[in-house]
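J.: return atomic coordinates for the entry below.
(2 chains)
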Amino acid sequence: MSLVVRRHIPQLIVTVIIILTVAFYYLYINKGIAESFTTADKALSDWAVIITSFALIVGGIDILRFHLVRLRKEGLKQAPFSAVTIGLLVVMVFFALHGWFLSYADPKAGITITTQPQFRWLYLNVYAPADAAMYSILVFYIASASYRAFRVRNPMALLLLVTALIVIFGNTTIGGLIWPGFLPLRDWIMTVPNTAAFRPITIGAGLGTIILGLRLLTWREVSWLGRRE
Amino acid sequence: MISWDLFGAWLCAAMVVWIYSFVYRDNVFYKVAEHMFVGTAAGYSIALALDSLNRVLISPAVRSPQTFLTTSWHYLIPAILGVLMFAKYSRKYYWLARYAVAINIAVGTGLALRTVPIANVVRQITATIVPLWGSDPVKVFNNWVLVLITLGGLTYFLFTIFPRRVEGARASPQHLVYRALYYIGIYGMMVGFGALFANTIMTRVGFLISIYLIYIQPQAWASIIAAVLAAIAIIVGILRKK
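T.: Okay, the predicted model is just below:
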């Protein structure tokens, strides 16, 4: 198949959709066009939701394939763990499909994909605690990182340390007991220097997004196409 | 008799303890908890995807096919494109997946290009245009701090055009202003990063405390048994390495 169908048409789709979505948002021609644009805009967002859903399914299947290969190729050291992942993935999807089936077969029961009892049990007792633990485990790594970062070696590190301590003491009850000034000082840091410090970063990120959009528009950004022909 | 609720509570406590055991050393129980997490997370994301597909596409098509075919027929296009995403597994037809990706990238970029120039650039600049003289000294001081740190940060991020100092010559006024703003920017950002660091610590510690109260404390025995098992696994792992 030619390069046009493989690369240029997808790139053209990107350009046309970006131009239409941006142009009709900023330009007002008449009420009729504005209304049709709103309808088309809503439809495009739904298109994106549908495609993202398929992408999530593809991602799940990728994980399944990865662990199936490990199960086949790796020895006893890894295979049981991959079996656990595959088993739970399949069980979760099975219960989700069961909930889906029930939502049509018995709508009065009020069971859907995410409210299927066994699916919810797995979500609440395996996924939720593991997710929270994985998120909070970082506190231990932050503790060791802060030991390295807070060794005051220059005025900048000192400033970082002092600010962090003021904000921590301002956020806790014990800080108020040590010195009542921590709370107003924390409020001042958060509203004035902190806002000012992150403003250039926000502007930079905004400019970066605009430039990325322009690169996509002019076909200079091609990393999303994946492998090269 | 052990109920499913009680078994679930034990499992919650064990999962948390086994994941925390990684802080000391990798062990077999951590690996089990990790792989259970990956499996359920993947299953959960597939279930969420099915739920969205059901809400947007399948349910309207099944419940009122006539209305769907007259008003929402075009949803079949992204559905077909979505199915084409599976072509990425083919060596010959992998490029078919690009059509769906193209639409998602274009919609995302289009939406970003509408909001980002206003929210991230224009609003930030207008919010920095504040009075630098006035009757309230505190407000004036705050405004000066705000403007100088913002300008300093922007100066720090200038990577293309900035006044250079010619070697051996005296620094030009432009160069001095540039250097002053540069350092104000660095120190201002250090204050910002200090505040961000403190807030991150507070959030994570808050999570840690709530995890202890919700999962570990109510099932103390399950947590202790899980911790003992993890400790045995760690010791066995160390002995095996020796």
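
J.: how about the helix or strand of chain A with the lowest mean pLDDT: buried residues?
T.: One helix or strand of chain A scores below all others by mean pLDDT, DSSP states H and E: helix A:138-149, with a mean of 79. Within helix A:138-149, the residues that qualify as buried are A:138-139, A:142, A:146, A:149, counting by 16 or more other Cβ atoms under 10 Å in any protein chain shown. The way it works is simple: take the backbone N, C-alpha and C, and place the C-beta from them, glycine included.

J.: just put those in JSON lines and tack on distance to residue A:183.
T.: Shown next, in JSON lines, are the buried residues of helix A:138-149 (distance: Cβ to Cβ, whole Å):
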{"residue": "A:138", "distance to residue A:183": "27"}
{"residue": "A:139", "distance to residue A:183": "23"}
{"residue": "A:142", "distance to residue A:183": "23"}
{"residue": "A:146", "distance to residue A:183": "22"}
{"residue": "A:149", "distance to residue A:183": "25"}
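
J.: closest to residue B:170 out of the residues you listed?
T.: residue A:149 (37.5 Å; Cβ to Cβ).

J.: who's in contact with the closest one?
T.: A:157, A:160, B:197 (Cβ atoms under 8 Å, 6 or more residues apart in numbering or on different chains).

J.: from those residues, which is closest to residue A:40?
T.: residue B:197 (44.8 Å).

J.: give me the most central residue, chain B.
T.: Centroid check for chain B by Cα atoms, centre = their mean gives residue B:200 as the closest residue, at 12.7 Å.

J.: what angle separates the helix or strand that contains it from helix A:138-149?
T.: If you go by DSSP states H and E, residue B:200 is part of helix B:173-211. In terms of direction (axes from the mean of the first three to the mean of the last three Cα atoms, to 10 degrees), helix B:173-211 departs from helix A:138-149 by 140 degrees.

J.: C-alpha coordinates for whatever helix or strand comes next after helix B:173-211, PDB please?
T.: Using DSSP H and E, the next helix or strand after helix B:173-211 towards the C-terminus is helix B:220-241. Taking only C-alpha atoms (Å, rounded to 0.1, in the frame of the first residue of the first chain), the coordinates of helix B:220-241 have been written out as PDB:
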ATOM      1  CA  ALA B 220      -4.600  -6.200  63.100                       C
ATOM      2  CA  TRP B 221      -4.100 -10.000  63.200                       C
ATOM      3  CA  ALA B 222      -4.300 -10.400  59.500                       C
ATOM      4  CA  SER B 223      -1.700  -7.500  59.100                       C
ATOM      5  CA  ILE B 224       0.600  -9.100  61.700                       C
ATOM      6  CA  ILE B 225       0.400 -12.500  60.000                       C
ATOM      7  CA  ALA B 226       1.000 -10.900  56.600                       C
ATOM      8  CA  ALA B 227       4.000  -9.000  58.000                       C
ATOM      9  CA  VAL B 228       5.400 -12.200  59.500                       C
ATOM     10  CA  LEU B 229       5.000 -14.000  56.100                       C
ATOM     11  CA  ALA B 230       6.700 -11.100  54.300                       C
ATOM     12  CA  ALA B 231       9.600 -11.100  56.900                       C
ATOM     13  CA  ILE B 232      10.100 -14.900  56.400                       C
ATOM     14  CA  ALA B 233      10.100 -14.400  52.700                       C
ATOM     15  CA  ILE B 234      12.700 -11.700  53.000                       C
ATOM     16  CA  ILE B 235      14.900 -13.800  55.300                       C
ATOM     17  CA  VAL B 236      14.600 -16.800  52.900                       C
ATOM     18  CA  GLY B 237      15.500 -14.500  50.000                       C
ATOM     19  CA  ILE B 238      18.600 -13.300  51.800                       C
ATOM     20  CA  LEU B 239      19.700 -16.800  52.800                       C
ATOM     21  CA  ARG B 240      19.300 -18.100  49.300                       C
ATOM     22  CA  LYS B 241      21.400 -15.300  47.900                       C
END
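
J.: show me what helix B:220-241 is packed against.
T.: helix B:4-20, helix B:28-53 (3 or more Cβ pairs under 8 Å, 6 or more residues apart in numbering or on different chains; DSSP states H and E).

J.: quick one, which of the ones you listed is nearest to residue A:204?
T.: Comparing the helices and strands packed on helix B:220-241 under Cβ to Cβ, the one sitting nearest is helix B:28-53, at 31.6 Å.

J.: quick one: that closest one near chain A?
T.: Yes - contact of helix B:28-53 with chain A (Cβ under 8 Å from any Cβ of the partner chain) involves B:31-53.

J.: how about the helix or strand just after that helix: buried residues?
T.: Downstream of helix B:28-53, the next assigned helix or strand under DSSP H and E is helix B:59-63. Neighbour counts using 16+ other Cβ under 10 Å place B:60-61 of helix B:59-63 among the buried residues.

J.: quick check, distance from helix B:59-63 to the centre of its chain.
T.: 34 Å (Cα atoms, centre = their mean, to the nearest Å).
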